[in-house]
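Chemist: Sharing a sequence plus its predicted fold:
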Amino acid sequence: MRPTNFDNQSASKLSRRKFLATGITAGAASIALPTLARGAAAVTPRSDELPSFELDEITIADLQDGMKSGKFTARSIAQKYLDRIAQIDKQGPALNSVIELNPDALSIADQLDEERKSRGPRGPMHGIPVLIKDNIGTADKMMTTAGSLALSGFTPAKDSGVARKLREAGAVILGKTNLSEWANFRSSHSVSGWSGRGGLTHNPYALDRNACGSSSGSGAAASANLAAVTVGTETDGSIVCPSSANGVVGIKPTVGLLSRAGIVPISHSQDTPGPICRTVADAAILLGAMVGVDSEDAATAASHGKSHADYTKFLNPAALRGARIGVVRKLFGFIEALDPVMNAALDAMKREGAILVDPAEIATLDKFGGSETTVLQYEFKADLNKYLAEFSASVPVHSLKEIIEFNERNREKEMPYFGQDIMVKCQARGPLTDKAYLDALAKNHLLARAQGIDAVMDKHNLDALVAPTAAPSWVTDLIDGDHDTGGSSSPAAVAGYPNINVPAGFIFGMPVGISFFGRAWSEPKLIAIAYAFEQATHHRQPPKFLPTANLQPAM
């Protein structure tokens, strides 16, 4: 989820971004990650003083070519990223985006190297290091805590659906990323990117600015080249906002395209994992590795016949030619400085042959904020209690009520900056049979789907809708909480429809992204359009790890 006042909705602020191993030595396979600095960004050297990195901005295809030629092995790649994490994430700029490393990462890489020699690679993800968000369960030596000390020590008895698919594809799960605790569904005054277990994740472009939640660690880690690719999760904005704020690509899939089984939940009607990567091509590869029907997540049954194991076949640099794209103008104008960047992006699309329908407004845009809040509060209580009951033998807390009580007992560590008013409101909700919940869910789907995205796309015969993802990231404020100025994620999030963020430019050196979203199961078309835009603009630039943004006006 992304930050907003849950009781005061507006069209300009629809989307919500909210949504220990042992031993530490440089290059070690396991790094103990304490609860790190909760205050200002660490003092950092200038970007020209930081160590160079051989794998900087490298793609999955490049890594596969390197392993095929013998230049790299899965082990050497994993080791290079471990060294990079030690140098950049835990020292130097100290991004604090990685909450825990997999102590078995190098041995897994060794096994994959042997398999490559004896049988050949399994596919494009064979030997590729991946960092995944710390609400995605793994049955290994790592914890799954959603950033909360209440789940400290918890390791689920089985992999989540996503982790299982990654392992089957031959990926090396390098570790877990920090996040906004409980996926930013604890307080309406939260600090995105902060968790009781992991502390604060910093934005790699300007360390005093926010990495955006809740997949803050995944966004920052991908941008800073701490792994080849990362995985985040979204309820409303938590993939696309960190992607925008950290200058990377993020795909929020149709709900049900990827399994949510084994992921610490907020909402079964909106939750989904998804790729966060530096390029659209890498995001397409990672998405294909994670799709599939899972008997443990009923929502995935609807994806049968609609998913693709290979989304790279849709990477068409000419896809904008003749594409009809609706400009949702009511989702523009978060801040004045964003308008010229977005207008330049629209001009680039037109130069590539896109047909822009401007405006193409979603008639119901400001009408489902309240019902979304109701649904999420009901589902968070029900879904979290169900998740905890599944692992009752090993999980340290067994209900939302016990989590609230834990936080109160451990207020100094868990609530030094903000409280848990959202959790308290959720706890007061009744069962999912309540009429208030059923009515709100029906309203969500009617207004966001049939009368929302589907209606405007039918009216104008559109291939996709477009809007700025969010404004540049704000200065992190541990006293007053997040300073959100708006976002566009809510229509697709509430509908359960796909949304892709692509880098679109910079404002005072801070990245901003543009979102392409559309109908259910339209990932192929959106990936094609996103790729064509990326190839026409090439806005991605690696971060410089500045202590603060350079606010000098361009001369």
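Modeler: Okay, I see it.

Chemist: who's residue 101 bridged to?
Modeler: In this entry, residue 101 is beta-bridged to residue 175, by DSSP bridges.

Chemist: What is the burial count for it?
Modeler: 29 (other CB atoms under 10 Å). For the C-beta atoms, the positions are set from N, CA and C on the backbone; glycine is no exception.

Chemist: ok now do the nearest residue to residue 536 once chain neighbours are set aside, which residues does it touch?
Modeler: What sits nearest to residue 536 in space, not counting adjacent residues and going by CB to CB, 6 or more residues apart in numbering, is residue 352, at 5.1 Å. For residue 352, the contact set (CB atoms under 8 Å, 6 or more residues apart in numbering) comprises 318, 320, 321, 532, 533, 536.

Chemist: From residue 204, how far out is residue 352?
Modeler: 30 Å (CB to CB, to the nearest Å).

Chemist: try residue 434
Modeler: 44 Å.

Chemist: Which one's more surrounded, those two?
Modeler: The neighbour comparison of residue 434 against residue 204 (other CB under 10 Å) goes to residue 204, with 31 against 13.

Chemist: so that one touches residue 224, yeah?
Modeler: Yes - if you go by CB atoms under 8 Å, residue 204 and residue 224 touch, sitting 4.5 Å apart.

Chemist: circling back to that earlier point, just among the contacts of residue 352, which is most surrounded?
Modeler: residue 533 (28 neighbours).

Chemist: quick one: it is in a helix?
Modeler: Yes - judged by DSSP: H, G, I helix; E, B strand; the rest coil, residue 533 forms part of a helix.

Chemist: that older thread, make JSON lines out of the contacts of residue 352 and add distance to residue 357.
Modeler: JSON lines is the format used below for those (distance: CB to CB, whole Å):
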{"residue": "318", "distance to residue 357": "20"}
{"residue": "320", "distance to residue 357": "14"}
{"residue": "321", "distance to residue 357": "16"}
{"residue": "532", "distance to residue 357": "17"}
{"residue": "533", "distance to residue 357": "16"}
{"residue": "536", "distance to residue 357": "19"}
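
Chemist: Pick the one among those residues closest to residue 231.
Modeler: When these are ranked by distance to residue 231 (CB to CB), residue 533 comes first, at 22.8 Å.

Chemist: Could I get the buried residue list for stretch 116-124?
Modeler: 116, 121, 122, 123, 124 (16 or more other CB atoms under 10 Å).

Chemist: sorry, that was for stretch 64-79
Modeler: Result for stretch 64-79 [16+ other CB under 10 Å]: buried residues 64, 66, 67, 72, 73, 74, 75, 76, 77, 78, 79.

Chemist: How about the second one: what's its closest non-neighbour residue?
Modeler: With CB to CB, 6+ apart as the criterion, residue 66 has its nearest non-adjacent residue at 3.7 Å, and that residue is residue 72.

Chemist: cool, and the fifth one?
Modeler: Of all residues not flanking residue 73 in the chain, residue 113 sits nearest, at 4.9 Å (CB to CB, 6+ apart).

Chemist: Show me how far whatever helix or strand that neighbour lives in is from its chain's centre.
Modeler: Element membership for residue 113, per DSSP states H and E: helix 105-119. Distance, stretch centre to chain centre, for helix 105-119: 29 Å (CA atoms, centre = their mean, to the nearest Å).

Chemist: ok, residue 424 - contacts?
Modeler: residue 404.

Chemist: and it, that one's in a helix?
Modeler: Yes - secondary structure of residue 424 (three-state DSSP): part of a helix.

Chemist: Next one, pLDDT for it please.
Modeler: With respect to pLDDT, residue 424 scores 98.

Chemist: how much space between it and residue 60?
Modeler: 43 Å.

Chemist: check contacts around residue 216.
Modeler: By CB under 8 Å, 6+ apart, the neighbours of residue 216 are 97, 177, 178, 179, 180, 192, 193, 201, 210, 242.

Chemist: and the two most separated of those?
Modeler: The most distant members of the contacts of residue 216, if one measures by CB to CB, are 177 and 210, lying 15.2 Å apart.

Chemist: So for those two, which residue has more residues nearby?
Modeler: Taking other CB under 10 Å, residue 177 and residue 210 do not tie; residue 177 has more neighbours (34 against 31).

Chemist: circling back to that earlier point, tell me the pLDDT of the residue nearest to residue 536.
Modeler: 98.

Chemist: and what of residue 555?
Modeler: 62.

Chemist: quick one: the helices in the stretch 251-400 of the chain?
Modeler: 280-290, 338-351, 369-390, 400-409 (DSSP state H, counting those that start in this stretch).

Chemist: Tell me how far the first one lies from the chain's centre.
Modeler: Yep, that's helix 280-290 we're talking about. 14 Å.

Chemist: what does the shortest one give?
Modeler: Shown here is helix 400-409, whose average C-alpha point lies 26 Å from the average C-alpha point of the whole chain (CA atoms, centre = their mean).

Chemist: just to revisit the earlier point, quick one: the residue nearest to residue 73 and residue 70 touch, right?
Modeler: No - counting by CB under 8 Å, residue 113 sits too far from residue 70 to count as a contact (10.9 Å).

Chemist: Following the chain onward from the helix or strand residue 466 falls within, which element is next?
Modeler: Secondary structure from DSSP H and E places residue 466 in strand 464-468. Counting by DSSP H and E, the next helix or strand C-terminal to strand 464-468 is helix 490-495.

Chemist: Show me the contact partners of that following helix.
Modeler: By CB under 8 Å, 6+ apart, helix 490-495 touches 14-16, 19, 234-237, 252, 270, 328, 362, 365, 368-369, 372, 444-445, 447-449, 452-453, 465, 497-499, 515, 517, 520.

Chemist: what about that helix, average pLDDT?
Modeler: 98.

Chemist: hey, C-alpha coordinates of that helix in CSV?
Modeler: Listed next in CSV are the C-alpha coordinates belonging to helix 490-495 (Å, rounded to 0.1, in the frame of the first residue of the first chain):
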residue,chain,number,x,y,z
SER,A,490,-5.8,2.7,-7.5
PRO,A,491,-7.9,2.1,-10.5
ALA,A,492,-5.9,-0.9,-11.6
ALA,A,493,-5.3,-2.1,-8.1
VAL,A,494,-9.0,-2.1,-7.1
ALA,A,495,-10.0,-3.7,-10.3
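
Chemist: Nice, that's everything, thank you.
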